[in-house]
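Visitor: Sequence below, structure please.
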Amino acid sequence: MKTEYKVLLGIIIAGVLVIAGSNIAEQIIKQTTPIVQITGVNLEIEYTGNYTAYFGPSSQSGGNSLNTTAGSTIFDTLRLTNYDPLHTHSINQIALDTPGFTLLSISPSLPYSVSPGGSVTITLVIRVPNTNYIGSLNIIMVAS
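Guide: Take a look at the predicted model:
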């Protein structure tokens, strides 16, 4: 076999190995990237003071499921209505009660007062854990 054919054959084989190797590496990376699957959102409202249930039941569940990459940032919104026709009530504090999740910001800032019959949409910016997770996101809210 001539030398130039050997060199050309060597280049072709090397190219095939590089392409095949990169595809295998890509598949390995895809399989090992942690995934976070949020199956729902649970809101636990801690009422303080003489009145209760003005923002609804103490335990509420809902939200859509969400799949995202571990360590990413997500947004969640809470729409709250003050069902008390006579008194203004406040949302004093919001925290996450799911290990590995970090609350980065809340908008509007708290405490936030909601007038009788009024509503507010609160946006939470959340960083999900850096590991695989399947389950619900648990939120605790303190209201008065």
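Visitor: give me every residue that touches residue 62.
Guide: Contacts for residue 62 (C-beta atoms under 8 Å, 6 or more residues apart in numbering) come out as 40, 41, 43. C-beta: built from backbone N, CA, C; applies to glycine.
Visitor: any idea how far it lies from residue 78?
Guide: Separation of residue 62 from residue 78 (C-beta to C-beta, to the nearest Å) stands at 10 Å.
Visitor: Then residue 137?
Guide: From residue 137 to residue 78 the distance is 11 Å (C-beta to C-beta).
Visitor: any common contacting residues for these two?
Guide: By C-beta under 8 Å, 6+ apart, no residue touches both residue 137 and residue 78.
Visitor: Between the two, tell me which one has more neighbours.
Guide: In terms of neighbours (other C-beta atoms under 10 Å), residue 137 is the more surrounded of residue 137 and residue 78; the figures are 23 against 20.
Visitor: Confirm for me that residue 139 is in contact with residue 93.
Guide: No - counting by C-beta atoms under 8 Å, residue 139 stays clear of residue 93, with 10.9 Å between them.
Visitor: The two: which has the busier surroundings?
Guide: residue 139 (24 against 14).
Visitor: Once you drop chain neighbours, what's closest to the more buried one?
Guide: residue 43 (5.0 Å; C-beta to C-beta, 6 or more residues apart in numbering).
Visitor: Show me which of the contacts of residue 62 are buried.
Guide: For the contacts of residue 62, a neighbour count by 16 or more other C-beta atoms under 10 Å gives the buried set as 41, 43.
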